[in-house]
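K.L.:
dropping a prediction and its sequence here:
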Amino acid sequence: MKLNLVLLALAAGRAGAFQPSSPRSSRVSTEIGMGPPPADLILQETYGEGSRKYRRTRYTHDDWVKHRSPERFTKNLFSMVNSGVYKSLAREVTATTALAAFLVVWNGLTGGYVDLSGISHDAVLPYLPELTLPLTPFTLLSPSLGLLLAFRTNKSYGRWDEARKFWGLNINHTRDLNRMATAWYGHGNIPVDPAVRAQHLEQVSLMTWAFVRSMKRHLSPPDEDEEDYIREMKARLSPAQADKIINAAHRPNRALYDLSMAIDKLPMHFMRKVSGSTVSRLRIAA
């Protein structure tokens with residue numbers, strides 16, 4: 001299950017998953033509350049592994065409209081040299097092209113060749129062997145390779161979809177949790193000070209954010225998210241609370257514990273607290 005959530009977190013798991021999504025133009029922005037990274041850093045990480053942390057956004061309606069545009073083919077042709085995929089695979093493509101060119105030249109010198117006019121020429125170095133491979137192994141392995149690639153692709157998409165569903169459950173449960181806390185706290189027969197009510201509800205909201213943010217950090221590579229995570233936790237939570245979560249052996253569980261304690265402090269009927277057992281169901285992802 002952890003692997004499934006890793007796939008989701010890499011694809012669309014932002015720390016503020018239950019916050020409104022940001023515009024497409026701010027795709028490279030860091031987590032909620034933080035500004036965009038420096039321009040020179042973005043230029044250094046425009047392709048390859050370095051750019052993945054800037055592409056954790058959802059595929060929106062505007063993206064689909066852009067994808068259907070008939071102008072995308074012309075744009076892709078003119079931007080091919082700037083393609084991140086092209087730059088990421090440049091060394092592999094160069095090595096493969098160089099090896100193919102070497103084999104063509106070698107076999108032309110050792111076994112003869114046909115020029116562009118269709119004239120056959122004898123071998124320049126007939127005493128050297130040609131470099132060839134039998135086609136039988138490739139012919140026999142092609143169907144198996146095709147089935148293997150299709151199977152792995154389907155399994156990958158299946159795991160991603162399962163992870164997306166589990167992350168969606170977390171989003172729905174956290175929304176329900178805050179909705180019930182806001183609706184049931186201070187609307188009964190128990191008199192409540194508005195300032196105290198606002199403080200308690202803010203604590204529930206912060207602990208909900210801390211849990212989701214800690215889960216996202218738990219499923220992300222350390223070198224990608226650790227510094228941002230620590231900075232955001234210290235910026236939003238109290239120093240003591242932030243240190244306890246940051247230094248915990250399992251950060252999501254610690255944040256979930258703090259969330260449970262924040263709910264337990266709400267002065268409401270115990271039956272309503274039982275109805276808010278959404279917190280326990282959040283352990284599905286933890």
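P.N.:
Received it, and whenever you're ready, just let me know what you need. Residues are numbered from 1 along each chain as shown.
K.L.:
tell me how far Q199 lies from A262.
P.N.:
Distance of Q199 to A262, computed by C-beta to C-beta, to the nearest Å: 11 Å. (Each C-beta comes from the backbone N, C-alpha and C, glycine too.)
K.L.:
any stretches of the stretch 101-250 of the chain with poor pLDDT?
P.N.:
Applying pLDDT under 70 to the stretch 101-250 of the chain picks out residues 187-190.
K.L.:
okay, helices next: where are they in it?
P.N.:
Taking DSSP state H, counting those that start in this stretch as the criterion, the stretch 101-250 of the chain contains helices spanning 136-184, 194-218, 222-236, 239-246.
K.L.:
picking up where we left off before, what about Q199 and A262, which has more around it?
P.N.:
Neighbour count, other C-beta atoms under 10 Å: between Q199 and A262, A262 has more, with 21 against 10.
K.L.:
quick one: contacts for that one?
P.N.:
Each residue near A262 by C-beta atoms under 8 Å, 6 or more residues apart in numbering is listed here: 200, 203-204, 207.
K.L.:
how close does it sit to I246?
P.N.:
With C-beta to C-beta as the criterion, A262 and I246 are 18 Å apart.
K.L.:
what are the buried residues along stretch 217-236?
P.N.:
217-220, 225, 228-229, 232-233 (16 or more other C-beta atoms under 10 Å).
K.L.:
between the helices of the stretch 101-250 of the chain, which gets nearest to R254?
P.N.:
Taking C-beta to C-beta, helix 239-246 is the member of these nearest to R254, at 5.0 Å.
K.L.:
quick one, that closest one and helix 194-218 angle?
P.N.:
Counting by axes from the mean of the first three to the mean of the last three C-alpha atoms, to 10 degrees, helix 239-246 lies at 30 degrees to helix 194-218.
K.L.:
just checking, what packs against helix 239-246?
P.N.:
Judged by 3 or more C-beta pairs under 8 Å, 6 or more residues apart in numbering; DSSP states H and E, helix 239-246 is in contact with helix 222-236, helix 251-264.
K.L.:
may I see these organised as a markdown table, with distance to T136 added?
P.N.:
Formatted as a markdown table, these follow (distance: least, C-beta to C-beta, whole Å):
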| stretch | distance to T136 |
| --- | --- |
| helix 222-236 | 46 |
| helix 251-264 | 53 |
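K.L.:
any idea which of the ones you listed gets closest to T139?
P.N.:
Comparing the helices and strands packed on helix 239-246 against T139 with C-beta to C-beta, the closest turns out to be helix 222-236 (43.1 Å).
K.L.:
A210: neighbouring residues, count only.
P.N.:
Residues near A210, counting by other C-beta under 10 Å, number 26.
K.L.:
hmm, it is touching M261, no?
P.N.:
No: using C-beta atoms under 8 Å, A210 is not in contact with M261; the gap is 12.0 Å.
K.L.:
in contact with the residue with the largest distance to the centre of the chain, which residues?
P.N.:
Using C-alpha atoms, centre = their mean, the residue of the chain lying farthest from its centre is D122. It sits 56.7 Å away. Going by C-beta under 8 Å, 6+ apart, D122 touches G112.
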